[in-house]
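Trainee: The following block contains a protein sequence and its predicted model.
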Amino acid sequence: MPNQPNLDDPVQLEILWKRLVNIAEEAWVALWRTSFSTIMAEAQDFGCELMDSRGSSLAHSPKSMPVFNLTLPMAVEGLLKRYPVETLLPGDVLITNDPWLCAGHLYDVAVVTPIFHEGACVALAGSIGHVSDIGGTKERLTAREVFEEGIQIPPMKLYRAGSINEDLIDLIRANVRRSDMVLGDLHALVSSNAVAARRIESFLIEYQMSTLEPLADAIQSQSEKAMRRAISELRDGTYSYRLVADGVGEALSLPVRVTVEGDSINVDFEGAPPQLAMGAINCTYSFTAAEAAYALKSLLIPEVPANAGCYRPFTVSAPEGSVLNCSFPAPVGVRHILGYYISPLVIGALAPALPRRARAATGFPTNLSIYGRTQDGSVYNDHAMNGGGGGAWQGHDGVSAILYPTSAATVSVEMMELRTPVVIEAKELVQNSGGPGEFRGGLGQRLRVRKLHPDKLRTLVAVQPEGRFHAAPGLFGGQPGGRCRVTHFDERRLAQQVPSSGAVALFDPREEVVIELTGGAGFGEPSQRTIARIQDDLLNEYVSLEAAAQDYGYEATPKMEPATSSD
């Protein structure tokens, strides 16, 4: 059995730190394997975190959704106000989905389990996941209040000393469409925490430790020092940037000021538009702060495992009652739409200070949701996340069809067709959608979705298209990526405009919804792109001959023209 570790020894500290990260990773794998819905089991829209007994982040799974690693400790802060650590018992499990305490909308449910050793609470295991349904409206962009968006779970106990709260389970079951799937995912969150709790107790026994606090202090201190060193290398000053979002009926201008002073950074969204009365794209402060901090962490010390110490040098502010710090009971169901802008806002502001690390804006992802009932009355309700083109950066073209700033996975065509009565006729890259530049933006993708059965029953296809009017902007002379398009073809193949709700009801297999996602933006002047890269684009058909001539001034010789099939 090892002796008690010497935390002043950097080698021993690194070993212990990595052990904690591995425990969080094992919890993540357990959650992935036991979850039920496509959005968790396939898209992996969840996160796992270890926190010290004070609720400060200690280690997280590298595969976790980045924003969850930051919002989960905020949720824990709210939970511990209601249930202080000293009042918790072995077997207690806490739960909430409060958007203002947690991750910004009701779909994200946080589950937190106290970990006991030698009779004392020594740590907290937390998991948070996007459940498949939380009740409320399916057409999320039409919501006017959070009350329309589903069931709200204030800080509560899901388990009391090992006994499940049946009243809460019954309440959730009565308010969601697929209770088997939602409750299955909640139990997966609980199981994940249980795995982490067992491993932490074994860890403490192995290293003859009665508490984690000294180790937590050492890890968080090292991370804070690394972040402050990185900030100190930047030139002091205030860096400003602005992006324009599609909004709901009217464009929204989103400003940011990033102030670097010594070894600290303040991100200020002063001037953000007032919160919207309808549209559900409002962001709570917790979500905005988490997205901003994630962008800074990615830019400055991406190699350091994240924990509370990394974020201590940051402050984030946004006007109360704005779209980036909305007040209850504003609708927030699709807050991720504006959330997609926060990371490129912060990165764009700091691009002059970090030109080799900055990335041009990425094309906006979308969540394809399919709802309906089959002829036997059973409910289907599944989701597939799909990415736009990645933004380019110094020395690299953008990655095509990537989900960023999330770490989610794309749900396969086969899985969606297995679980819902639709056919995805095509899933392909959109030629010319990557923004021109010395380094080209990644390509967006096109999906063609139609109903499978001629049963005349309603199949609702819901998307939240973003980038229809304002494309992802480039950096240092790079050009914007292609815009988003969503078209509904009726049974006569007549094109119809998708309604502002982003939802289309299909009744006939001849109908089709075609979704084209935005491309990533370019980096650097297009005139500086090498001939070899342009030729590769032509051969791979990422760029057409016409676009190569227009965007890069490139004239192909007959030898370089892409081959055409004789079929």
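Mentor: Here it is on my side, so go on.

Trainee: now the strands for the stretch 151-300 of the chain?
Mentor: 156-160, 163-164, 237-245, 252-261, 264-268 (DSSP state E, counting those that start in this stretch).

Trainee: Break the protein into its domains for me.
Mentor: In the domain annotation for the chain, the residue ranges read 10-225, 359-529 (automatic domain parsing).

Trainee: chain center to the shortest one, what's the gap?
Mentor: So that's domain 359-529. 16 Å (CA atoms, centre = their mean, to the nearest Å).

Trainee: what's the answer for the longest one, then?
Mentor: Taking the mean of its C-alpha atoms, domain 10-225 sits 16 Å from the chain's own mean (CA atoms, centre = their mean).

Trainee: coming back round to it: what's the closest of the strands of the stretch 151-300 of the chain to Gln431?
Mentor: Ranking those by proximity to Gln431 (CB to CB) places strand 237-245 first, at 25.6 Å. (Glycine included, C-beta is placed from N, CA and C.)

Trainee: between that closest one and strand 252-261, what angle do the directions make?
Mentor: 160 degrees (axes from the mean of the first three to the mean of the last three CA atoms, to 10 degrees).

Trainee: Sketch out the strands for the stretch 301-450 of the chain, chain order is fine.
Mentor: Using DSSP E, counting those that start in this stretch, strands in the stretch 301-450 of the chain cover 314-317, 366-373, 379-386, 422-429, 445-451.

Trainee: Of all these, which one comes closest to Pro405?
Mentor: strand 379-386 (12.6 Å).

Trainee: picking that back up, would you format the strands of the stretch 151-300 of the chain as TSV with distance to Val11 and mean pLDDT included?
Mentor: Converted to TSV, the strands of the stretch 151-300 of the chain look like this (distance: least, CB to CB, whole Å; pLDDT from 0 to 100):
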stretch	distance to Val11	mean pLDDT
strand 156-160	39	98
strand 163-164	44	97
strand 237-245	38	96
strand 252-261	33	97
strand 264-268	30	98
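
Trainee: Mind putting those strands into a markdown table with distance to Gly519 and mean neighbour count?
Mentor: As requested, the strands of the stretch 151-300 of the chain are exported to a markdown table (distance: least, CB to CB, whole Å; neighbours: other CB atoms under 10 Å):
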| stretch | distance to Gly519 | mean neighbour count |
| --- | --- | --- |
| strand 156-160 | 43 | 18 |
| strand 163-164 | 47 | 12 |
| strand 237-245 | 16 | 16 |
| strand 252-261 | 20 | 19 |
| strand 264-268 | 27 | 20 |
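
Trainee: which neighbours does the lowest-mean-pLDDT helix or strand in the chain have in its sheet, and in what orientation?
Mentor: None of the helices or strands of the chain scores lower by mean pLDDT, DSSP states H and E than strand 495-497, at a mean of 85. If you go by DSSP bridges, strand 495-497 pairs up with strand 485-489 (antiparallel).

Trainee: hmm, who's touching the partner strand?
Mentor: Strand 485-489 is contacted from outside by 463, 465, 468, 495-498, 502, 504, 511-516, using CB atoms under 8 Å, 6 or more residues apart in numbering.

Trainee: Tell me what angle it forms with strand 366-373.
Mentor: Using the same axes, to 10 degrees: strand 485-489 against strand 366-373 is 30 degrees.

Trainee: Put the alpha carbons of strand 485-489 into CSV.
Mentor: Output of strand 485-489 as CSV, limited to C-alpha atoms (Å, rounded to 0.1, in the frame of the first residue of the first chain):
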residue,chain,number,x,y,z
ARG,A,485,-30.9,27.0,-45.7
VAL,A,486,-34.0,25.0,-44.7
THR,A,487,-36.5,24.1,-47.3
HIS,A,488,-39.8,22.1,-47.2
PHE,A,489,-40.8,20.4,-50.4
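
Trainee: still on that earlier bit, take the domains of the chain and write them to JSON lines, including distance to Asn325.
Mentor: Shown next, in JSON lines, are the domains of the chain (distance: least, CB to CB, whole Å):
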{"stretch": "domain 10-225", "distance to Asn325": "10"}
{"stretch": "domain 359-529", "distance to Asn325": "19"}
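
Trainee: Now for Leu16: which residues touch it?
Mentor: Leu16 neighbours (CB under 8 Å, 6+ apart): Pro5, Leu7, Tyr207, Leu215, Ile219.

Trainee: so how far is Leu106 from the nearest residue to the fourth one once chain neighbours are set aside?
Mentor: With sequence-adjacent residues excluded and distances taken as CB to CB, 6 or more residues apart in numbering, Leu215 is closest to Leu16, at 5.9 Å. With the distance defined as CB to CB, to the nearest Å, Leu16 ends up 37 Å from Leu106.

Trainee: can I get the strands of the stretch 151-300 of the chain in TSV with distance to Gly435?
Mentor: Below are the strands of the stretch 151-300 of the chain laid out as TSV (distance: least, CB to CB, whole Å):
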stretch	distance to Gly435
strand 156-160	46
strand 163-164	51
strand 237-245	14
strand 252-261	19
strand 264-268	25
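
Trainee: Thr366: which of those is closest?
Mentor: Of the strands of the stretch 151-300 of the chain, nearest to Thr366 by CB to CB is strand 237-245, at 14.4 Å.

Trainee: For Met227, which residues are in contact?
Mentor: Contacts of Met227 by CB under 8 Å, 6+ apart are Lys297, Leu300, Ile301, Val304, Gly309, Cys310, Tyr311, Arg312, Pro313.

Trainee: Hmm, I typed the wrong one, I wanted Ser286.
Mentor: Here Ser286 is in contact with Thr71, Met74, Ala75, Pro99, Trp100, Leu101, Cys102, Ala103, Gly104 (CB under 8 Å, 6+ apart).

Trainee: mind checking the SS state of the second one?
Mentor: Three-state secondary structure (criterion: DSSP: H, G, I helix; E, B strand; the rest coil) places Met74 in helix.

Trainee: Just to check, it is in contact with Cys102?
Mentor: Yes - the pair Met74 / Cys102 is scored as a contact, 7.2 Å apart, by CB atoms under 8 Å.

Trainee: Counting neighbours, go ahead and name the busier of these two.
Mentor: Higher neighbour count among Met74 and Cys102: Cys102, with 28 against 21, using other CB atoms under 10 Å.

Trainee: ranges for the helices of the stretch 251-400 of the chain?
Mentor: 285-300, 308-311, 336-350 (DSSP state H, counting those that start in this stretch).

Trainee: Columns mean pLDDT and distance to Ser240 on top of those helices, output as a markdown table?
Mentor: Shown next, in a markdown table, are those (pLDDT from 0 to 100; distance: least, CB to CB, whole Å):
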| stretch | mean pLDDT | distance to Ser240 |
| --- | --- | --- |
| helix 285-300 | 96 | 14 |
| helix 308-311 | 96 | 22 |
| helix 336-350 | 94 | 6 |
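
Trainee: Can I get those in JSON lines including distance to Asp263?
Mentor: What follows is the helices of the stretch 251-400 of the chain, written out as JSON lines (distance: least, CB to CB, whole Å):
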{"stretch": "helix 285-300", "distance to Asp263": "11"}
{"stretch": "helix 308-311", "distance to Asp263": "13"}
{"stretch": "helix 336-350", "distance to Asp263": "15"}
